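K.L.:
have a look; sequence and predicted model below, questions after that.
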Amino acid sequence: MSTALLEGRSLLVTGVLTERSIAYAVAQLAAEQGATVVLSGFGRGLGVTRRLARRLPGDPPVLELDVTSEAHLAALPEALLAHVDGLDGVLHAIGYAPPAALGKGVLQTPWDDVGVALQVSTWSYVALARACLPLLRRGGSYVGLDFDARVAWPAYDWMGVAKAGLESANRYLARDLGEHGVRSNLVAAGPLRTMAARSIPGFGEFERVWGERAPLGWSVDDATPVARACVALLSDWFPATTGTVVHVDGGVHAVGA
């Protein structure tokens, strides 16, 4: 009998906000593949995360975590140790840009809004890794969610800049985590109808582009392909892969107009 892909591994999954979220799909699949899962939530979404946890296999515990709070980050290892004796993987599924940073171009957005987008969507990737590092075992995996930042997209504006920063941070983090035996990779998903997508003006344009250009086709309602890629990276099946971006977008990144 084959062993489940994540049997015996303990994971922290952030960003479970709705059943349509990529993080929810990852948490569900990871639990089905044998992982012990711990979730985190924040603010008004914390109650939602707790309700969703009850629908997942094993009813995983939920920790309160604001990644912009140094106090929360400092307390994270002790909070995790109440449920697991270490970590084998972390999913960073955290991103946010204020409305003023989306859909209006980049020239007029004030720094206060830009700063929020960069702190939550870019800086937190490194901050969460630093907080979890004392618990991450050798052979562990750190995975973040991305959206292809090689080009400028309509309406994505400062979130696109933040994702470009995320991709750069991933490379530097892979360099620094390597000595600890921990991998760092991003999964660049095609557009999905998540809560984050609803905040992007003109999201329908993304749907149209992917519908026309994806060689393999693309469903904006199915997070399963992205979840499978994340779970594979969180497993020990990619022991020498780090600092890279895995595109799960039906192939759009590889083709021109």
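P.N.:
Yep, it's here.
K.L.:
distance of residue 222 from residue 158?
P.N.:
In this structure, residue 222 and residue 158 are 28 Å apart, going by Cβ to Cβ, to the nearest Å. All C-beta atoms are positioned from the backbone trio N, CA, C, and that covers glycine.
K.L.:
so in this protein, which helix runs the longest?
P.N.:
As far as residue count goes, and with DSSP state H defining each element, the longest helix of the chain is helix 157-177.
K.L.:
for that one, name the packing helices and strands.
P.N.:
Here helix 157-177 is seen to pack against helix 111-118, helix 124-132, strand 136-146, strand 183-189 when contacts are counted using 3 or more Cβ pairs under 8 Å, 6 or more residues apart in numbering; DSSP states H and E.
K.L.:
summarise which helices and strands the longest one is packed against.
P.N.:
Read it as strand 136-146. Strand 136-146 sits against strand 87-92, helix 124-132, helix 157-177, strand 183-189, helix 224-234, with contacts defined as 3+ Cβ pairs under 8 Å, 6+ apart.
K.L.:
could I get the helices and strands packed on helix 157-177 in JSON lines, plus columns for distance to residue 206 and mean pLDDT?
P.N.:
As requested, these are arranged in JSON lines below (distance: least, Cβ to Cβ, whole Å; pLDDT from 0 to 100):
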{"stretch": "helix 111-118", "distance to residue 206": "18", "mean pLDDT": "98"}
{"stretch": "helix 124-132", "distance to residue 206": "22", "mean pLDDT": "98"}
{"stretch": "strand 136-146", "distance to residue 206": "15", "mean pLDDT": "98"}
{"stretch": "strand 183-189", "distance to residue 206": "11", "mean pLDDT": "98"}
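K.L.:
so which of the ones you listed is the most surrounded?
P.N.:
Relative to the other members of the helices and strands packed on helix 157-177, strand 183-189 carries the highest mean neighbour count by mean count of other Cβ atoms under 10 Å, namely a mean of 25.
K.L.:
which residues does the closest residue in space to residue 170 that isn't next to it in sequence form beta bridges with?
P.N.:
Setting aside the residues directly before and after it, residue 170 is nearest to residue 186 in space (Cβ to Cβ, 6 or more residues apart in numbering), at 5.1 Å. For residue 186, the beta-bridge assignment (DSSP bridges) gives partners residue 144, residue 245.
K.L.:
check the gap between residue 186 and residue 229 for me.
P.N.:
Distance check for residue 186 against residue 229: by Cβ to Cβ, it reads 10 Å.
K.L.:
next: residue 78.
P.N.:
In this structure, residue 78 and residue 229 are 31 Å apart, going by Cβ to Cβ.
K.L.:
more neighbours: which of those two?
P.N.:
Set side by side, residue 78 and residue 229 show unequal neighbour counts under other Cβ atoms under 10 Å, the larger going to residue 229 at 20 against 10.
K.L.:
hang on, that one packs against residue 245?
P.N.:
No: with contacts defined as Cβ atoms under 8 Å, residue 229 does not count as touching residue 245, sitting 10.9 Å away.
K.L.:
which neighbours do the two share?
P.N.:
By the contact definition Cβ atoms under 8 Å, 6 or more residues apart in numbering, residue 229 and residue 245 are jointly contacted by residue 187.
K.L.:
reformat the helices and strands packed on strand 136-146 as JSON lines; add distance to residue 241.
P.N.:
Listed next are the helices and strands packed on strand 136-146 as JSON lines, based on distance: least, Cβ to Cβ, whole Å:
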{"stretch": "strand 87-92", "distance to residue 241": "13"}
{"stretch": "helix 124-132", "distance to residue 241": "17"}
{"stretch": "helix 157-177", "distance to residue 241": "9"}
{"stretch": "strand 183-189", "distance to residue 241": "6"}
{"stretch": "helix 224-234", "distance to residue 241": "7"}
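K.L.:
between these, which gets nearest to residue 69?
P.N.:
Using Cβ to Cβ as the measure, helix 124-132 is the one of those that comes nearest residue 69, at 9.7 Å.
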